[in-house]
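Colleague: Test case, fold it:
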Amino acid sequence: MKEARTYYTGKVKQKGIFDFKKYYKFAYDWLRYDGYTIHEKKYLEEIEKQGKKIIIEWVATKKISDYFKNIIEVSWHILGMEDAEVMRNGKKDKANKGEVKITITGILERDYEDNWGKTAFNKFIRGVYDKYIIRSTMDQYEDKVIDESDEFTEQLKAFLNLEGRK
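Modeller: Numbers count the residues shown, from 1 in each chain. Purely as a prediction, here's the structure:
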């Protein structure tokens, strides 16, 4: 039986000027470059009085071995998004303004192909395998999903800070 455990939760939150298309592309490209396959579970746009509301849910997966898989879940909530113009290098440029909230969750999944969970004996053997044989490997992979999720979060924050200062 597959077993997934959350090891990281991070948030990005900012209200102000940003370029939604560039931000979306930056996040997507960063995950793809790091070896993740991205599945967009949800993309919803609604027009409200305060501006456009966008909700996006991604599940990014990366196979680490035949037994382990990293998962980064990304939940976007963009509220009150409107078009805006900004001055960049003395020229008017199109951008957006609104509130961006992104939640990043880093998950390590074990036995993702469910090879060890088909019988009670296999489940027992998997428990022994996890606890005694590959414990140090599991620790390394737990650290890796935390590091990659945290790096992704920090890159998203840095992108917004740079965009807001241009």
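Colleague: which non-adjacent residue is nearest the residue nearest the centre of the chain?
Modeller: Using CA atoms, centre = their mean, the residue of the chain that lies closest to the mean C-alpha position is residue 74, 3.6 Å off. Setting aside the residues directly before and after it, residue 74 is nearest to residue 58 in space (CB to CB, 6 or more residues apart in numbering), at 4.2 Å. Where you see a C-beta, it was placed from the backbone N, CA and C, and this is true even at glycine.
Colleague: For this structure, just list every one of the strands.
Modeller: 3-18, 37-48, 51-63, 68-88, 91-110 (DSSP state E).
Colleague: Dump those strands into CSV; add mean pLDDT as well.
Modeller: Converted to CSV, the strands of the chain look like this (pLDDT from 0 to 100):
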stretch, mean pLDDT
strand 3-18, 93
strand 37-48, 96
strand 51-63, 97
strand 68-88, 91
strand 91-110, 92
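Colleague: okay, those strands in a markdown table with distance to residue 119 next?
Modeller: As requested, the strands of the chain are arranged in a markdown table below (distance: least, CB to CB, whole Å):
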| stretch | distance to residue 119 |
| --- | --- |
| strand 3-18 | 16 |
| strand 37-48 | 30 |
| strand 51-63 | 24 |
| strand 68-88 | 21 |
| strand 91-110 | 17 |
